[in-house]
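K.L.:
Got a sequence here, can you model it:
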Amino acid sequence: LTLEHCVRFADIFDDDGNGVLTADEFINFCQFFALMTYLEDKARQAQEAAMLDEVIREEEDFISRLIEEVRADKSAIEANLNRLPEDVLNAVTSDDFADSCVKKFVDVDSDGNGVLTPDELFPVIE
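P.N.:
Reported below is the predicted structural model:
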């Protein structure tokens with residue numbers, strides 16, 4: 001992933017359109033990123049197991065559609081979290097997860113202004 005991806009993600013999750021992420025917006029981003037990481041890993045495992053190319057294409061197409069759905073409506077994250085294994089779902093919807101997201105938010109908010117710019121978001125996804 002590149003800084004350009006961070007700019008795109010910041011744009012997707014920047015609900016108030018001010019070019020930066022608040023702590024609440026960052027929690028949504030973290031849930032989305034956990035979901036995307038899981039789905040990409042699942043697609044990679046399918047590929048490694050030499051499953052049919054069609055299955056791999058379907059997973060990749062789903063990931064692309066999910067990104068567009070989330071861009072249009074953040075509730076698509078919650079609507080798709082059920083695709084996660086139960087233990088991962090429980091983890092990313094827990095208060096501990098939200099608390100760790102807020103801690104990470106503070107850690108990467110290098111200028112301490114309470115919002116994340118795309119360049120501050122980059123260390124989270126690299």
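K.L.:
how near is the residue nearest the centre of the chain to residue 112?
P.N.:
Per Cα atoms, centre = their mean, the C-alpha nearest to the average position across the chain is that of residue 33, at 2.0 Å. Residue 33 sits 23 Å away from residue 112, going by Cβ to Cβ, to the nearest Å. For the C-beta atoms, the positions are set from N, CA and C on the backbone; glycine is no exception.
K.L.:
what about residue 96, how many neighbours?
P.N.:
10 (other Cβ atoms under 10 Å).
K.L.:
List of residues touching whatever helix or strand it lives in?
P.N.:
Residue 96 belongs to helix 95-108 when assigned by DSSP states H and E. Under the criterion Cβ atoms under 8 Å, 6 or more residues apart in numbering, residues 21, 23, 26-27, 30-31, 91, 116, 120-121, 123-124 lie in contact with helix 95-108.
K.L.:
Just the buried subset of those residues, please.
P.N.:
Among the contacts of helix 95-108, those scoring as buried are 21, 23, 26-27, 30-31, 116, 120-121, 124 (criterion: 16 or more other Cβ atoms under 10 Å).
K.L.:
next SSE after the top helix by length along the chain?
P.N.:
Longest helix in the chain by number of residues (criterion: DSSP state H): helix 23-48. For helix 23-48, the following helix or strand on the C-terminal side (DSSP H and E) is helix 53-72.
K.L.:
What sits closest to residue 18 if chain neighbours are left out?
P.N.:
Among residues not flanking residue 18 along the chain, residue 115 sits closest, at 7.4 Å (Cβ to Cβ, 6 or more residues apart in numbering).
K.L.:
So what's the residue count around that neighbour?
P.N.:
Neighbour number of residue 115 under other Cβ under 10 Å is 19.
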